[in-house]
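1. Need a 3D model of the following:
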Amino acid sequence: MNNKLKIFFYYVLMIIITSAVCFLMAEYMFARYYYSNISYVKNKEFDPEIGWVYLPGKYTIKSIHSIRTHEIYINKHGLRSKEIENAGEMKGKRIIVLGDSFTFANGIRNEDIFTTRLENILNAKQPDSYQVINAGAEGYGNVQELLLMRRLADNNVTGNIYLLMLFINDILDNLCYSYGDNTENLVQPKYILNENKRLVLLRPPKKEINENTEFAPVTKRGNRFKIFEVMKNKISSYLQTRPDLVYYINKVGYNVKFPRVPGLISGWYDEKTLKEGVPILKGAIREIKHEAENKHALLIVSLIPSPIQVYPEVYGPILKRTFSENKLVENWLSEKLLPQRTVKEICEELNIPYLDLYEDLHANNNKELYIPNEGHFNERGHRVVAESLANYIN
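-> This next block holds a predicted model:
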């Protein structure tokens, strides 16, 4: 082997070794400082009435879309909120926000959540005129939110305004159906409507340990390289606003697919689920309104759209490719805003003020509003929602 060839192989070897060392160092840094711990934070306990509640305390959260950690504080009432004074001691008006994981916002810093932003906007002109309480809980349906509302009232935590933040999956949660396969989630309390259209308990919660419940067993971290996971999440976030780029990616042979039928479609576009779910949804909203009126409070209902609705140009073609000839997907394509129309009709019938967030979010869909591979709002999404709510309340 001549000297030139030896030198060539030497440099090739050095490049390979250097690249491998850099990759391993980057992998260590991402695994050490980027990996999310949200799935492993055990801050809930079983509750025989509601299903699950949060344990009071401070929890350090590492979100998969951020290199930062942030602290979540759960107060003595099990809410992601500062400690709450009694109703007679509070200043100004109190808004209690009922909702699910979009409201609780596990992966978002407290100062960036729409409830905090809403309070700051409302108090900008007149300090202490409003107090906004985050009463969201991950995985809750509207019946569970009603039960929480009653429990808070029993502990002298009431509001002047109740803001019910509906999400698309609520129709499944109210039926105790899991999002993936519509099997029954036994940890959620199951209610039905009686002949007077009132909610009555059919089955109390049962503590079940499986992957479809809030008490899923802790699993070991996978072997996938974290650097690839980081790249995938960043690319997915970017592609939310680039339908043309997604089109060309599929053209070159890389097929982006959904792992399962989204809850929006399995909940709202299946005739059987819709027939069962809408009356329960309406019944829960009606009883939440009655609870608010009994406390001389106003109920406002708002509906959070799915990212599939906000970015139809991106997700529509992916859904069609993933579930070709699927009747439910075809139903969605024929009327993408069926949930918005249905909830609006319910609120009009019950004479409840209603804010549809779809228009404001869709108007901003040239920006990234949701966390990819998770589906919840990012900081920008929370900002848009807070501004929409503030404009409506004011």
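
2. Assumed residue 21 was part of a strand.
-> No: with DSSP: H, G, I helix; E, B strand; the rest coil as the criterion, residue 21 is located in helix rather than a strand.

3. For the stretch 101-250 of the chain, just list every one of the strands.
-> 130-136, 161-167, 190-193, 199-203 (DSSP state E, counting those that start in this stretch).

4. can you state the direction angle for the second one and strand 130-136?
-> In terms of direction (axes from the mean of the first three to the mean of the last three Cα atoms, to 10 degrees), strand 161-167 departs from strand 130-136 by 40 degrees.

5. Could you export the strands of the stretch 101-250 of the chain as JSON lines, including distance to residue 12 and mean pLDDT?
-> Every C-beta, even on glycine, is put in place using the N, C-alpha and C of the backbone. Compiled in JSON lines, the strands of the stretch 101-250 of the chain are given as follows (distance: least, Cβ to Cβ, whole Å; pLDDT from 0 to 100):
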{"stretch": "strand 130-136", "distance to residue 12": "56", "mean pLDDT": "96"}
{"stretch": "strand 161-167", "distance to residue 12": "54", "mean pLDDT": "98"}
{"stretch": "strand 190-193", "distance to residue 12": "65", "mean pLDDT": "96"}
{"stretch": "strand 199-203", "distance to residue 12": "67", "mean pLDDT": "96"}
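
6. Which among those strands is found nearest to residue 334?
-> strand 161-167 (22.1 Å; Cβ to Cβ).

7. could you dump the strands of the stretch 101-250 of the chain to a markdown table with distance to residue 77 and mean neighbour count?
-> Conversion of these to a markdown table gives the following (distance: least, Cβ to Cβ, whole Å; neighbours: other Cβ atoms under 10 Å):
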| stretch | distance to residue 77 | mean neighbour count |
| --- | --- | --- |
| strand 130-136 | 8 | 25 |
| strand 161-167 | 15 | 25 |
| strand 190-193 | 23 | 18 |
| strand 199-203 | 23 | 13 |
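
8. closest to residue 343 out of these?
-> Residue 343 sits nearest to strand 161-167 of all the strands of the stretch 101-250 of the chain, at 6.3 Å, using Cβ to Cβ.

9. Which elements pack onto that closest one?
-> Strand 161-167 is packed against strand 93-99, helix 101-104, helix 142-154, helix 271-294, strand 298-304, with contacts defined by 3 or more Cβ pairs under 8 Å, 6 or more residues apart in numbering; DSSP states H and E.

10. quick one: which of these is nearest residue 178?
-> Put simply, out of the helices and strands packed on strand 161-167 the one that sits nearest residue 178 is helix 271-294, at 12.2 Å, with distance taken as Cβ to Cβ.

11. re earlier: using a markdown table, lay out the helices and strands packed on strand 161-167 together with distance to residue 362 and mean pLDDT.
-> Converted to a markdown table, those look like this (distance: least, Cβ to Cβ, whole Å; pLDDT from 0 to 100):
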| stretch | distance to residue 362 | mean pLDDT |
| --- | --- | --- |
| strand 93-99 | 20 | 96 |
| helix 101-104 | 16 | 96 |
| helix 142-154 | 24 | 97 |
| helix 271-294 | 23 | 96 |
| strand 298-304 | 12 | 98 |
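
12. Could you save the ones you listed as a markdown table and add columns showing distance to residue 193 and mean neighbour count?
-> Putting those into a markdown table (distance: least, Cβ to Cβ, whole Å; neighbours: other Cβ under 10 Å) gives the following:
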| stretch | distance to residue 193 | mean neighbour count |
| --- | --- | --- |
| strand 93-99 | 20 | 24 |
| helix 101-104 | 25 | 24 |
| helix 142-154 | 11 | 22 |
| helix 271-294 | 5 | 18 |
| strand 298-304 | 19 | 22 |
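
13. Which one of the ones you listed lies nearest to residue 43?
-> Distance to residue 43, taken as Cβ to Cβ, is lowest for helix 101-104 among these, at 10.5 Å.

14. Run through the residues that contact residue 170.
-> 100, 141-142, 281 (Cβ atoms under 8 Å, 6 or more residues apart in numbering).

15. just residue 323 next, same as before
-> Each residue near residue 323 by Cβ under 8 Å, 6+ apart is listed here: 258, 261, 329.

16. So it versus residue 258, what's the distance?
-> Relative to residue 258, residue 323 is positioned 7 Å away (Cβ to Cβ, to the nearest Å).

17. same question, residue 264
-> 11 Å.

18. Could you do residue 120 as well?
-> Residue 120 is 36 Å from residue 258, by Cβ to Cβ.

19. Mind telling me what element residue 336 is part of?
-> Of the helices and strands defined by DSSP states H and E, none includes residue 336.

20. In this structure it contacts residue 313, no?
-> No: because the distance of 11.3 Å does not satisfy Cβ atoms under 8 Å, residue 336 is recorded as not touching residue 313.

21. Residue 264 and residue 258: who's more crowded?
-> Neighbours per residue (other Cβ atoms under 10 Å) separate residue 264 from residue 258, with residue 264 holding more: 27 against 15.

22. same for the helix or strand containing the more buried one, what does it pack against?
-> If you go by DSSP H and E, residue 264 is part of helix 263-268. Packing partners of helix 263-268 (3+ Cβ pairs under 8 Å, 6+ apart): helix 170-173, helix 271-294, helix 307-310, helix 327-334, helix 338-350.

23. could you dump the strands of the stretch 101-250 of the chain to TSV with distance to residue 16?
-> Output for the strands of the stretch 101-250 of the chain, formatted as TSV (distance: least, Cβ to Cβ, whole Å):
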stretch	distance to residue 16
strand 130-136	50
strand 161-167	49
strand 190-193	59
strand 199-203	61
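
24. List just the one of those strands that sits closest to residue 317.
-> In terms of Cβ to Cβ, the element of the strands of the stretch 101-250 of the chain nearest to residue 317 is strand 161-167, at 24.0 Å.

25. so what's residue 181 up against?
-> Residue 181 sits next to residue 260 when contact means Cβ under 8 Å, 6+ apart.

26. hmm, 7 Å instead?
-> Taking Cβ atoms under 7 Å, 6 or more residues apart in numbering as the definition of contact, residue 181 has no neighbours.
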